[in-house]
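>>> requesting a structural model of the entry that follows:
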Amino acid sequence: MYDLEISGVGRIKTADRMPEKVAIRLLRDPETLLRQHLDRPVKLDRGSVIVEAELPFAEGPVRVALKQYRPRNRWKAFCGCFRRSPARRAWELARALVDRQIDTARPLLMCEPRSSCRSYLATEWIGASENLHLFGWRLAEDPSDVRLRSAGRCAASLGRLIGRMHARGIAHRDLKAANLLVVDREHETATYLIDVDGVSVGRRVKPRRRAADLARLAAGLEAHRWVSQAVCCRFLRAYVAQFPPGTVAWKPLWRDVAAGRHRIVLDKRRRGQCVL
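Numbering: from 1, shown residues only. Predicted structure coming up:
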């Protein structure tokens, strides 16, 4: 790993080898790299900008998702002077996921320029992927047998991913379809956790926390009414199988998740929000 800190300029970390001149140039002016790729946006909001970009590593250019973290107001910008930057925290969390063999976008670069309250994170670009909502809406147009077969494969992959995550002490307070990527091939489906800002890492995830995470994810099924109980059961079987035998009872878990999902859906409807 390459780690460079220049007094008064900032700090940059990369997972792969990068020419030092390139790293220094990025540290001094990461905004230029972002602007060069604004024609390939992934996400734009008050708190962050994500674009598809290319980073010049020693072995050659690598496609990445480049995220700029920006404070939402002046108070957050002031507080940020005394805390880890959001990019550094996300870098550390993503590395913790990789170390625990949780499928996620590998962190490749973290940049904290001292001249700005903004910080930058680049993660590997997962090609041929779509978030779970887009995957579900696309499947809804397929014939029933194709749709249920693909949904079953995705549910099993997702159950393994989230079960492994919880079994290894990792929770996610914002576990929703938009933060999960699906790569669907002819006979294989892979899933990845992205946007690790809501991740917390500990020794154990308590049953209540596990149910809350799953309820947040299940609430998104309101946008995909065609998903059957059989598909949900396949997810739950794969999820439970990631824990030591006998440690997770699926029936109480199913009830807790259903109750949590119901509360989330009612709350969002009461506020006039879309349930996604």
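
>>> same question for the host helix or strand of residue 26, mean pLDDT?
Secondary-structure assignment from DSSP states H and E places residue 26 in helix 20-28. For helix 20-28, the mean per-residue pLDDT is 90.

>>> what's the first helix or strand after the helix or strand bottoming out on mean pLDDT in the chain?
The weakest-scoring helix or strand in the chain, judged by mean pLDDT, DSSP states H and E, is helix 74-79 (a mean of 58). Using DSSP H and E, the helix or strand that follows helix 74-79 towards the C-terminus is helix 86-99.

>>> quick check: angle from the next helix or strand after that next one to helix 86-99?
Next along the chain after helix 86-99, taking DSSP H and E as the criterion, comes strand 107-113. In terms of direction (axes from the mean of the first three to the mean of the last three Cα atoms, to 10 degrees), strand 107-113 departs from helix 86-99 by 160 degrees.

>>> strand 107-113 pairs with which strands?
Strands adjacent to strand 107-113 in the sheet, as given by DSSP bridges, are strand 10-14 (antiparallel), strand 119-124 (antiparallel).

>>> wait, residue 170 sits on residue 97?
Yes. Between residue 170 and residue 97 a contact is recorded at 6.8 Å, counting by Cβ atoms under 8 Å. C-beta: built from backbone N, CA, C; applies to glycine.

>>> tell me, what's touching the two both at once?
Shared contacts of residue 170 and residue 97 (Cβ atoms under 8 Å, 6 or more residues apart in numbering): residue 199.

>>> pick out the residue closest to the middle of this structure.
Closest residue to the average C-alpha location of the chain: residue 194 at 1.6 Å, with Cα atoms, centre = their mean.

>>> what residues of stretch 192-207 count as buried?
For stretch 192-207, burial by neighbour count (16 or more other Cβ atoms under 10 Å) applies to 192, 193, 194, 195, 196, 197, 199, 201, 205.

>>> over to stretch 114-122?
116, 117, 118, 119, 120, 121, 122.

>>> I'm done for today, thanks for sticking with me.
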